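# I'll drop the sequence and a predicted model, then ask my questions.
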Amino acid sequence: MNLPPVEPIARPIRQILVVDPEPQIPRLVSLLLGAGYHIDAAPDLDLAIERIHATPHDAILLELVWPDGPDDAGVAALRRLRKAAPELPTVAFTASPGVAQVVAAMRSGAFDVLRKTAAGDELRAALDRAVEHGNLAREVRRLRQEVDRARGLGEIVGESAPMRQLLALCERVAASDATVLILGESGTGKELLARTLHRVGPRADQPFVAFDCSALAPSLLEAELFGHEKGAFTGAGKARRGLFREAHGGTNFLDEIGDIAPQIQNKLLRVLQEREIKPVGGDRFVAVDVRVVAATNKDLKQLVARGEFREDLYWRLAVVPIQVPPLRERKEDIPLLAAHILARRRGAAKHLGQRYPTQISGRAMERLTAYHWPGNIRELENVLSRAAILCDGDRVRADDLDLVGLPGGAADLAGAQALPDGKTLKEAVDDAVRKVEKAAIERALAREAGSPAKAARVLGISRASIYNKIKEYGIAVGEERS
C-alpha cells in the first residue's frame with residue numbers, strides 16, 4: 001500500500017532584530033537568511049530597546065563596533081540589551097572580531113560572536129541555536145512559575161538571584177511550624193511574604209491575623225493582643241478575646257515588632273515560651289496554639305545592644321530569620337514587578353470601563369531600573385499607578401514618569417520652577433492626581449450603590465484608604481448622596 005507523503009511541519013517565522021548603524025546591513029542579513037526569518041532593523045540602541053519592548057522578537061543580531069564610538073561601545077550596548085531583555089539571546093557580529101572583543105562580548109552575555117563575512121548557513125545555524133536557547137530559557141521560567149504557583153509562592157514576583165534564594169528558603173520554612181522573623185526595609189513586601197508562608201504551610205485552613213504593633217499605645221496594645229475581661233479598664237464594657245485567641249490554630253503576624261514597649265515584650269516572651277496568654281484584668285492563663293511570624297524594618301540586634309529590646313525575646317523570634325532584599329538590590333525584577341502591577345490595576349480599571357495602559361516604553365523602563373527606590377515595591381506601585389492614570393496612550397512613557405516626579409528626568413529641573421499660578425510643577429501634578437482620584441472614587445461609589453467597601457475592592461485599595469480619601473475629598477456617601 002502506498003502511503004501519502006508526509007508533509008514537513010512548517011516552522012514559525014523567526015523575528016530577528018538587527019542592531020547596526022549601517023542601513024544596508026539589515027537588508028543584506030535578510031538576503032543571507034532567506035525564507036523563514038523576518039528582519040526588523042534598529043540603527044541605534046534607544047530604538048532597539050523600544051522595539052524589543054513593543055514587539056516580541058526571537059533573537060538580536062548586534063554590531064560590536066560602532067563608528068565614532070569608544071572601543072567598548074558594542075559591549076556596553078550588549079549589556080544594556082541584556083538588562084532590558086535578559087531572556088532575549090544576542091548574537092554579536094563585526095567585520096573582524098579580535099580575541100579580546102570576543103571574550104568581552106561572551107562575558108557580557110552574547111550567545112555567539114560571528115564575522116560579518118559569515119556565510120548564510122553559518123549565520124542561520126548561529127541564530128537558530130540562539131533562538132532555541134531563548135525558547136528553552138522561557139520554558140524553564142514558565143515551568144518554574146507553574147511550580148511556584150502550585151506551591152503557593154506565585155504571588156511573590158521575582159527571578160533575580162536574591163529572590164530565588166528567598167523563595168527556596170521560604171519553601172523549606174513554610175512546611176515547618178517555626179517562629180519566623182522577617183527583616184527588611186519598608187515597602188519590600190514583608191506582609192505578603194508572611195501571608196505566603198501561612199498559605200503554603202500546615203495551618204493554611206486556619207486564621208491569619210495581621211497586626212501593626214506600632215499602631216497603638218502600650219496599654220491599648222496589650223489589650224488588643226491578649227484580650228481583656230469586662231470592666232478591666234474604663235470603656236471595657238464587654239470582654240474581648242484578643243488577637244492571639246482569634247488566631248488560635250493559625251498564624252499571628254506581628255508587624256513592626258521592634259516598636260513594642262518593654263512591658264509588652266515580657267508578655268510576648270511568655271506567649272512564645274509557654275504558649276499561653278493572660279487577658280488584661282483576668283486571673284488565669286489561657287492556652288493558645290499559634291504560629292508567630294514577626295516583621296520589622298529596624299535592626300533588632302542594635303536595639304538589643306542599646307537595651308531597648310530583650311535579647312531572649314529576639315532569639316525566640318529569630319528562630320528562622322528571613323532577610324527580604326530591597327528593590328535596589330534586585331533591579332532585574334523591576335520589569336516583572338511593573339508588568340504585574342499594571343496587570344493587577346488593569347483588572348480594576350476594566351471593571352469600571354476605564355482605559356488603562358498595558359505596556360511600558362523602553363526609555364521609561366530604563367528610568368525605572370535606574371532609580372534607587374528608597375520606598376521599594378510600595379513606591380514603584382505608587383509611581384506606576386499615578387503614571388498610568390496620567391498617560392494618554394496604551395503605554396507608560398518616560399514623559400509620564402516626569403509628570404509624577406520620578407527623579408532622573410525633566411521633572412528634576414522643572415519641578416522647582418514656579419508655574420504662572422504660583423505652583424510648582426509637582427504641586428500642579430499633585431492637584432491633577434487628586435482630581436483624577438476623586439473622580440474615580442465617585443464613579444466607583446456610584447457604580448457600587450454608595451458602598452465604600454465594594455468601591456475599594458473595585459479600585460484595588462484598602463477600606464482604610466478609601467475612607468481616608470472620602471474624608472479628604474469631602475465625598476458624600478450613603479444617605480448624604482441622596
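Yep, that arrived. Computed from a prediction, not measured in an experiment: that's the story for all the values here.
# next, the residue nearest the centre of the chain: secondary structure please.
The structure's the chain has its C-alpha centroid closest to residue 337; by Cα atoms, centre = their mean the separation is 3.3 Å. Following DSSP: H, G, I helix; E, B strand; the rest coil, we place residue 337 in the helix state.
# cool, and residue 92?
Per three-state DSSP, residue 92 ends up strand.
# need the strands for the protein, in chain order.
Here the chain has its strands, by DSSP state E, at 14-19, 37-42, 59-63, 90-94, 112-115, 180-183, 208-212, 251-255, 276-277, 286-287, 291-296, 320-323, 359-360, 395-396.
# tabulate those in JSON lines, adding columns for mean pLDDT.
Putting those into JSON lines (pLDDT from 0 to 100) gives the following:
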{"stretch": "strand 14-19", "mean pLDDT": "91"}
{"stretch": "strand 37-42", "mean pLDDT": "91"}
{"stretch": "strand 59-63", "mean pLDDT": "92"}
{"stretch": "strand 90-94", "mean pLDDT": "91"}
{"stretch": "strand 112-115", "mean pLDDT": "91"}
{"stretch": "strand 180-183", "mean pLDDT": "96"}
{"stretch": "strand 208-212", "mean pLDDT": "92"}
{"stretch": "strand 251-255", "mean pLDDT": "94"}
{"stretch": "strand 276-277", "mean pLDDT": "90"}
{"stretch": "strand 286-287", "mean pLDDT": "88"}
{"stretch": "strand 291-296", "mean pLDDT": "95"}
{"stretch": "strand 320-323", "mean pLDDT": "95"}
{"stretch": "strand 359-360", "mean pLDDT": "86"}
{"stretch": "strand 395-396", "mean pLDDT": "86"}
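# okay, those in a markdown table with distance to residue 457 and mean neighbour count next?
Heads up, the C-betas are built off the backbone N, CA and C, glycines and all. Shown next, in a markdown table, are these (distance: least, Cβ to Cβ, whole Å; neighbours: other Cβ atoms under 10 Å):
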| stretch | distance to residue 457 | mean neighbour count |
| --- | --- | --- |
| strand 14-19 | 40 | 22 |
| strand 37-42 | 42 | 18 |
| strand 59-63 | 42 | 25 |
| strand 90-94 | 44 | 24 |
| strand 112-115 | 51 | 18 |
| strand 180-183 | 27 | 23 |
| strand 208-212 | 18 | 18 |
| strand 251-255 | 22 | 24 |
| strand 276-277 | 33 | 18 |
| strand 286-287 | 35 | 13 |
| strand 291-296 | 25 | 25 |
| strand 320-323 | 30 | 16 |
| strand 359-360 | 26 | 22 |
| strand 395-396 | 24 | 22 |
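# dump these to TSV, plus distance to residue 369.
Shown next, in TSV, are the strands of the chain (distance: least, Cβ to Cβ, whole Å):
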stretch	distance to residue 369
strand 14-19	19
strand 37-42	19
strand 59-63	18
strand 90-94	18
strand 112-115	26
strand 180-183	25
strand 208-212	31
strand 251-255	29
strand 276-277	47
strand 286-287	51
strand 291-296	27
strand 320-323	22
strand 359-360	11
strand 395-396	14
